[in-house]
Each structure stands twice: as C-alpha cells, then as structure tokens.
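heads up, no residue letters with this:
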C-alpha cells in the first residue's frame, strides 16, 4: 500500500508539474518587489495587490520565491534595494518613489545582471529596465472627456488638476481635446494636489463663484471625496455627477450600487503591480519574449463591469 | 486501498489547482487564435510557437481550451474568424494578414463582446482591440545602428530595405540616426522586399558598384541569406560582417557557434504570438489588469544570449 501511495503521489507530482504548462520545469528563481509603503490610498492598494500576487505566483511556479519590501521614502527604498540584491534576487520589480533618487541605485543593480522591471514612474534612464509597466495618462484624460461628451452632452464643467507634472498635463490636455466640438464647456480649473482636503477647499471656492455647475471632473478618487463633501455641505442640487479616477474601492462600490452622483470611474489600477510581477515571472518560466513596455489601458468603470474592478479586501 | 488511492488522487487534484496559483479557479474559457499559414519563414515560426503555447496554456490553466487556425490569405482569415466565433470563443488572438481586410470583420466580432488581442500588424481602428502586442520597429533600427557604431566603429556600410512601409521607414530612419556622429557611413541603400532572391540580386549590384564594403545591414534574416550567397559567389573578402534581423534559427545558430560573418542578430520574434496568448489567458485567470499595449523590445542577439533565442524544433 505504501509503495502504491508513493507511486500515486509521484504521478500526481508529475501531473502537477505538467499542469503548470509553460512553467513546467522546476526552476529556482527569486523575484524581489520594492514598492512604496502604504502611506497613501493608492500605494495601500499597491501593497495589497503585491502581497496577494506574491502568494499566487509562488503557488503557480514551482521553485519561485517572491520577496516584497515596502519603503516609506526614496532614500529608504534605495537601501531596501541594496538589501534585496544582497539576497541574490534574479529579478527586481520596482515601483520607484521618484526618478531622481532611484535611477543611480537601479543602474548599479542592473550592471550586476539583475533583470529589472519598473512600474508606473519611469527612471531617468529607460535603458536600465528590461520591462516597463505603466498606466496610460493621455488615455485617462481622453476616456474621461468622452464620458462627459457622451453622458452630459452639454453643460458647464469644473476641472480638478493634481500636481503640476507631465502626468497631470497629459491627462488634462487630452480631456480638453476630447471635449472639442461638443456642448460641454470647462468653466474653471484648479490644482488640488490629488489631495482630499485641498479639493474640498477648491470645490468650496468653485461653488461660491459659479451659480450653475452641471458636472465635475475630479480626475482622482481622493479629490472626488473632498468634492462630494463640499457639495453636500453647500446643499447644491445643480451638479449631476462627479467623475473621479483610479478605481478606489469605495468609489467602485458606489458605481456598482448605481449611485447617481458617482455613475462611473476611470481606472488607474494599483493592481498594475500584479501585471508587472506576472510578466516578470513569465520571463523566467516560459519561452515567450517578455522584455518591453506594457502600457495598460485607462478603462471606463461602469455598473456593467464594476465587479471586475472591485477588491473588497484591498485597503484601496 | 481503492478509497485511499481515490483520496490521494483527489488531494493531488486540489494541490494541482492550488499549484497554478492565480489561476487556481477552474473556469471554462475558450481562446481562438487566428494566424497566417506558414507561407513564409517568419509566419512558420508564428504557427510553431502558437501551437506549442496552446498546449502549454491548456495544461497550465484548468478549463482553458485554445483553438489555433491558420489561413493562407486575408479573405480566408476573415472566414476563419467567422468559424471561430461560431464556436463561441471568449477571446480571439489575431495576427492579421492586413489591416484593410480584417478591420471590419474584427469590429463585428468585438461588438458581440469577444475579448480581442491583436498581434504585430495593427487594425485600422485600434479601439477594436483589448490588447495589442507588437515588436518595436524604431528600436529594431536603433539597436542595429548601435551595433555598427560599437563594433565596426568606422567604415562603409550598405543597407537593405524591405518593402516601402511605415515599418521599414521606422527601422531605417532610426538606424541612420544611431550612426550620426560616428565613423560609420552608409554608402548605398536599396529595397529588396524582405526577399532572399531580391537581396541576392541587389547585393550583386552593390558588389560590382563598390570596391570596398566593410559591413552590410541586411536588416532581415531572409535577405541576409541572399546577401551571404552573393558574397560567397563573388569571393569578396573585404566584408567583415552581415547583420540580419528577426531571429531565424539558422542565423541564431551561427551567432551561437561564433560565425565571424554573422556575429549578431536583432530579434523580432515570431514567438510574440506566445506573449499575446499568455497575457490573454492571464486576463481570464488572474486579477491583474491586462488590457493595454505591449511593445516588445528588439534585442541584440549575441553569443552570450543566443541560446535564449534558439528554438531548434521551430521551422524558423
């Protein structure tokens, strides 16, 4: 009996290997993942998805070890990268705090032969990376603008900007381009730093200046929360909807539940870290070429597809 | 004993599920793959890699069915797409013969809710695709140009172009940009249609016109074969090397074996079909966002990394 059980177990083991298909060969690979700590909502989502994906990939690929490290700032992240490389990682998946502090440390790591995947915020020298995974900021603006044209058709809109950066410029200029020739008019726009409190104050200002606002492009879910609070306190009834962006779970839930003020959202998912970790693992366990640049779509989240974007266990 | 064996088998079955990690949930998904028949070398490689990857993915993802269909021309491909959709596929991975004949059929298929991944040659309306996987043509030229600057340093080079297309223009203009300020000079360039025989004739012409040629940018492995034959017949000894492109197995083998005339190659891998199929399957079996555009690097293939690009069982 024992021998039979062993034989069955062995056979099962083989089947298990085969069952993982392209990744059939047992292979010892270590992937280090370096990401910002959960200091903001979005990065909280990144940490959650990185940890979930680490577990899933380790189960899926025999011999794979994934080490996730979070860091509270750029200098700490440079140290964390040092720690990870001393553990002899084969690949690093890095969402850098900023380009300035991380470009040189990453260049040194690359020189030692480590496979490098960069996520969301690029380094100053793109030749360092093997894979780059990022959101699509021009499309983020375009998708939002199209939503206003399709759903508001005509009316007055106020626009919230984030922090003066290339990302913000790409989003806003493409939003405005999408409105061209339509009846939707931007009557005011202000920076509010992708910050809830700042957006609350800017919205109070907009409300006192403009007696009739038909809709708001918050362009960010954190800002949308501040804006909603300002509208609530002012008891204004003219505003038909607020469109945020990112895919925060509270906002996706509102979309899913048919909230009239939050009928949609535009994705800029923290789960892009999962995409990056997945394609990096595939580089080691399949024959498919994976080196390259993967720009993820900004998707319109509506009642129909909200469940695909809803992660109730994520902090974001 | 029987009961025990059954228990072990069941346990093994469960482990197998868990072992596939992110793809643990059993889920019935059908992916159709529509590609050109193996009429040319490169498409032969596409067919090989598509079939290998279909097997691997079916083993790796419980419940996944992959149907690969090849077609000899654009009109047949439109029919093949009809056949595939009548089999109720959840997704289609399509390497279109051409944009003109396939854009409308694909638009109709997309309207019915099928997930669409397009590979290599874009449709006329990019809004049809969920995922786009392609090679990087500007980088293909840049990498080749850099190879000449780094290795030839100075000398006279003749350049082979393919067919007058955007792809060809992107490759050649970036090749020439990479040479700027170096001692490498393009003394002649001609179209040879990515064709071995045409390249043979053009090279004969170059050889009779130019008494001293230091190196050749063939820009394509098929053309490189014609060029090598012309050099051999002319018994010319001045040419130091020929740089092709694509990653044909015979050329990669030469690189691997240290052939002095073929010291390197630039990848434009037919196995990009595998990348496309892999990210499409991941869309259904993981939580990671996969919709987007994945542009794969053109990689310099040298003696050091040639084994990663060598598939002896592939026809290409």
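Yep, that arrived. What you are looking at is a predicted structure, and each value in this text was computed from that prediction instead of being measured. Numbers count the residues shown, from 1 in each chain, chains lettered A, B, ... in the order given.

quick check: residues of the stretch 51-200 of chain A near chain B?
By Cβ under 8 Å from any Cβ of the partner chain, the residues of the stretch 51-200 of chain A that approach chain B are A:52-53, A:55-62, A:130, A:136. The C-beta positions use only the backbone N, C-alpha and C, and glycine is treated the same way.

among the residues you listed, which one sits closest to chain B?
residue A:60 (2.7 Å; Cβ to the nearest Cβ).

number of nearby residues for the closest one?
Using other Cβ atoms under 10 Å in any protein chain shown as the criterion, residue A:60 is surrounded by 24 other residues.

so residue A:291 sits against residue B:294, correct?
No. Counting by Cβ atoms under 8 Å, residue B:294 is not a contact partner of residue A:291; they are 10.5 Å apart.

between the two, which one's more packed in?
Higher neighbour count among residue A:291 and residue B:294: residue B:294, with 25 against 19, using other Cβ under 10 Å.

quick check: closest non-adjacent residue to residue A:218.
residue A:224 (3.8 Å; Cβ to Cβ, 6 or more residues apart in numbering or on different chains).

any idea how far chain B is from residue A:268?
Remark: distance between residue A:268 and chain B (Cβ to the nearest Cβ, to the nearest Å) = 10 Å.

so who does that residue touch?
By Cβ atoms under 8 Å, 6 or more residues apart in numbering or on different chains, the contact set of residue A:268 is A:135, A:140, A:245-247, A:298.

same thing with residue A:167?
Taking Cβ under 8 Å, 6+ apart as the test, what residue A:167 contacts is residue A:137.

ok, the one 3 residues further on next?
Taking Cβ under 8 Å, 6+ apart, we find residue A:170 in contact with A:137-138, A:140-141.

repeat the analysis, applying 7 Å as the threshold.
A:137-138, A:141 (Cβ atoms under 7 Å, 6 or more residues apart in numbering or on different chains).

repeat that for residue A:171.
Residues in contact with residue A:171 (Cβ under 7 Å, 6+ apart) are A:137, A:140-141, A:219.

go through these and give me the one with the most neighbours.
Most surrounded of the contacts of residue A:171: other Cβ under 10 Å gives residue A:219, at 28 neighbours.

hang on, it packs against residue A:160?
Yes. In terms of Cβ atoms under 7 Å, residue A:219 counts as a neighbour of residue A:160; the distance is 5.3 Å.

in strands only, show me the contacts of residue A:268.
residue A:135 (DSSP state E).

pLDDT added to the contacts of residue A:268, as TSV?
Listed next are these as TSV, based on pLDDT from 0 to 100:
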residue	pLDDT
A:135	95
A:140	97
A:245	96
A:246	95
A:247	94
A:298	96
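
make JSON lines from the contacts of residue A:268 and add distance to residue A:306 to it.
Shown next, in JSON lines, are the contacts of residue A:268 (distance: Cβ to Cβ, whole Å):
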{"residue": "A:135", "distance to residue A:306": "19"}
{"residue": "A:140", "distance to residue A:306": "18"}
{"residue": "A:245", "distance to residue A:306": "14"}
{"residue": "A:246", "distance to residue A:306": "14"}
{"residue": "A:247", "distance to residue A:306": "9"}
{"residue": "A:298", "distance to residue A:306": "15"}
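
just the closest of the contacts of residue A:268 to residue A:110, please.
residue A:135 (23.3 Å; Cβ to Cβ).

ok, and for the longest helix seen in chain A, which residues are buried?
Of all segments of type helix in chain A, defined using DSSP state H, the longest is helix A:41-60. Neighbour counts over helix A:41-60 (16 or more other Cβ atoms under 10 Å in any protein chain shown) mark A:41-54, A:56-60 as buried.

picking that back up, so what's in contact with residue A:291 and residue B:294 at the same time?
Between them, residue A:291 and residue B:294 share no contacting residue, judged by Cβ under 7 Å, 6+ apart.

gap between residue A:240 and residue A:196?
22 Å (Cβ to Cβ, to the nearest Å).

more crowded one of these two?
Set side by side, residue A:240 and residue A:196 show more neighbours around residue A:196, with 19 against 15, by other Cβ under 10 Å.

now that one. Nearest residue, chain neighbours left out?
residue A:226 (4.1 Å).

residue A:225 now?
Leaving aside its sequence neighbours, residue A:225 sits nearest to residue A:196 (Cβ to Cβ, 6+ apart; 5.2 Å).

so who does the one you found touch?
Contact partners of residue A:196, counting by Cβ under 7 Å, 6+ apart, are A:222-223, A:225-226.

who wins on neighbours among those?
residue A:223 (30 neighbours).

re earlier: the contacts of residue A:171 into JSON lines, with extra columns for distance to residue B:278?
As requested, the contacts of residue A:171 are exported to JSON lines (distance: Cβ to Cβ, whole Å):
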{"residue": "A:137", "distance to residue B:278": "26"}
{"residue": "A:140", "distance to residue B:278": "26"}
{"residue": "A:141", "distance to residue B:278": "30"}
{"residue": "A:219", "distance to residue B:278": "33"}
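
which of the residues you listed fall in helices?
The helices, defined by DSSP H, take in A:137, A:140-141 from the contacts of residue A:171.

rewinding a little: ok, residues contacting the helix or strand immediately after the longest helix of chain A in the chain?
Remark: after helix A:41-60, the chain's next helix or strand is strand A:64-71, criterion DSSP states H and E. Residues outside strand A:64-71 that contact it (Cβ under 7 Å, 6+ apart) are A:29-38, A:47, A:50-51, A:54, A:57-58, A:77, A:80, A:83-84, A:87, A:281.

which of these are buried? Put it as a PyMOL command.
Remark: buried members of those, expressed as a PyMOL selection using 16+ other Cβ under 10 Å:
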select buried, chain A and resi 29+30+31+32+33+34+35+36+37+38+47+50+51+54+57+58+77+80+84+281
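
residue A:133: what secondary structure?
For residue A:133, the assignment made with DSSP: H, G, I helix; E, B strand; the rest coil gives strand.

tell me who's in contact with it.
Residue A:133 makes contact with A:117, A:119, A:272, A:275-276, A:294, A:296, according to Cβ under 7 Å, 6+ apart.

which two of those residues have the greatest separation?
Spanning the widest gap among the contacts of residue A:133 are A:117 and A:296, at 13.7 Å by Cβ to Cβ.

just the ones of the contacts of residue A:133 in helices?
Per DSSP H, these map to helices at A:272, A:275-276.

neighbour-wise, which one of the residues you listed leads?
Counting neighbours by other Cβ under 10 Å, residue A:275 leads the ones in helices among the contacts of residue A:133 with 29 neighbours.

that one: what's it in contact with?
By Cβ under 7 Å, 6+ apart, the neighbours of residue A:275 are A:133, A:294, A:296, B:288-290.

helix/strand/coil for the residue nearest to it when sequence neighbours are not counted?
Spatial nearest neighbour of residue A:275, chain neighbours left out: residue B:288 (4.3 Å); criterion: Cβ to Cβ, 6+ apart. Classification of residue B:288 by three-state DSSP places it in coil.

who touches residue B:288 in this structure?
Residue B:288 sits next to A:271, A:274-275, A:278, B:282 when contact means Cβ under 7 Å, 6+ apart.

compile these into JSON lines and extend it with columns for distance to residue B:255 and pLDDT.
Shown next, in JSON lines, are those (distance: Cβ to Cβ, whole Å; pLDDT from 0 to 100):
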{"residue": "A:271", "distance to residue B:255": "39", "pLDDT": "96"}
{"residue": "A:274", "distance to residue B:255": "35", "pLDDT": "97"}
{"residue": "A:275", "distance to residue B:255": "32", "pLDDT": "97"}
{"residue": "A:278", "distance to residue B:255": "30", "pLDDT": "97"}
{"residue": "B:282", "distance to residue B:255": "31", "pLDDT": "95"}
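
by neighbour count, which of these wins?
The residue in the contacts of residue B:288 with the most neighbours, by other Cβ under 10 Å, is residue A:275 (29 neighbours).

distance-wise, check that residue relative to residue A:53.
Counting by Cβ to Cβ, the gap from residue A:275 to residue A:53 is 9 Å.
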